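[1] take a look and give me a structure for this.
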Amino acid sequence: MSSFSLIIGVDEAGRGPWAGPVTAAAVVLDPTRPVEGLTDSKKLSEKARDRLAPLIRERALAWSVAEASVEEIDTLNIRQATFLAMQRAVADLFRTVSDKSGQNRTRPGTAAVILIDGNALPANLPAPARAIIKGDLTEPCISAASILAKTHRDAQMASLCISYPGYGFSGHKGYGTAAHAEALARLGPCAVHRQSFAPVRALLRHC
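    Okay, here's the model as predicted:
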């Protein structure tokens, strides 16, 4: 990958939960300012992620976080909504790099490559791209993106826990835990539940 002036890592967080948005991040690391300890965010403790995220934001050449809403997930399906969040993160990152190009930052363009965790690529990306299975374990820029996407979404779910008390969003982050299932059955779905997901859809049929 040394022939590319920009190596952009992209990863997502929140494909599986029953509630909340799906989030994606895009990161260009600075080889002169490495961040030690990068790996798949799921392999790290919450404390480690919270320690690494500000370091990534401080030391990266550029970074961006974007999302697709619950409404977009229900309209498009989770796969396409995830791709949409990735497209938005990459587009925002390219705008950031362009804005900083007057400060001796590298301009985006044909010298960029986008590395995406997984086995499929979104359409209409602004540079050549590769899907890398388990890329968050092998490509530091993807690892960094996974950490930013995860910590951003976790913070959002903590905020939603205040807006929608009783569901325990700050604990399970919207995933299908036993505690979430119990709260969902007791309270019914709220505005940030994904109505297209089977456990939520099943309850809506009985409302």
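
[2] the helices in this protein, which residues?
    Counting by DSSP state H, the chain has these helices, from start to end: 46-59, 70-76, 78-100, 135-138, 140-163, 169-172, 178-187, 198-204.

[3] what's the last one in contact with?
    For helix 198-204, the surrounding residues in contact (CB atoms under 8 Å, 6 or more residues apart in numbering) are 18-19, 176, 181, 184-185, 188-189, 193-195. C-betas here are computed from N, CA, C, even on glycine.

[4] CSV please, covering those residues and showing distance to Arg205.
    As requested, the contacts of helix 198-204 are exported to CSV (distance: CB to CB, whole Å):
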residue, distance to Arg205
Trp18, 15
Ala19, 18
Gly176, 18
Ala181, 16
Leu184, 13
Ala185, 13
Gly188, 12
Pro189, 11
His193, 14
Arg194, 15
Gln195, 11
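
[5] output these in JSON lines; the columns should cover pLDDT.
    Below are the contacts of helix 198-204 laid out as JSON lines (pLDDT from 0 to 100):
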{"residue": "Trp18", "pLDDT": "98"}
{"residue": "Ala19", "pLDDT": "98"}
{"residue": "Gly176", "pLDDT": "97"}
{"residue": "Ala181", "pLDDT": "96"}
{"residue": "Leu184", "pLDDT": "96"}
{"residue": "Ala185", "pLDDT": "95"}
{"residue": "Gly188", "pLDDT": "95"}
{"residue": "Pro189", "pLDDT": "96"}
{"residue": "His193", "pLDDT": "98"}
{"residue": "Arg194", "pLDDT": "98"}
{"residue": "Gln195", "pLDDT": "97"}
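
[6] give me the buried entries from the residues you listed.
    Buried subset of these (neighbour count, 16 or more other CB atoms under 10 Å): 18-19, 176, 184, 189, 193-194.

[7] between the contacts of helix 198-204, which is nearest Arg33?
    Checking the contacts of helix 198-204 against Arg33 with CB to CB, the nearest one is Ala19 at 36.2 Å.

[8] low-confidence stretches in this protein?
    Along the chain, segments meeting pLDDT under 70 span 1-4, 99-110, 206-207.
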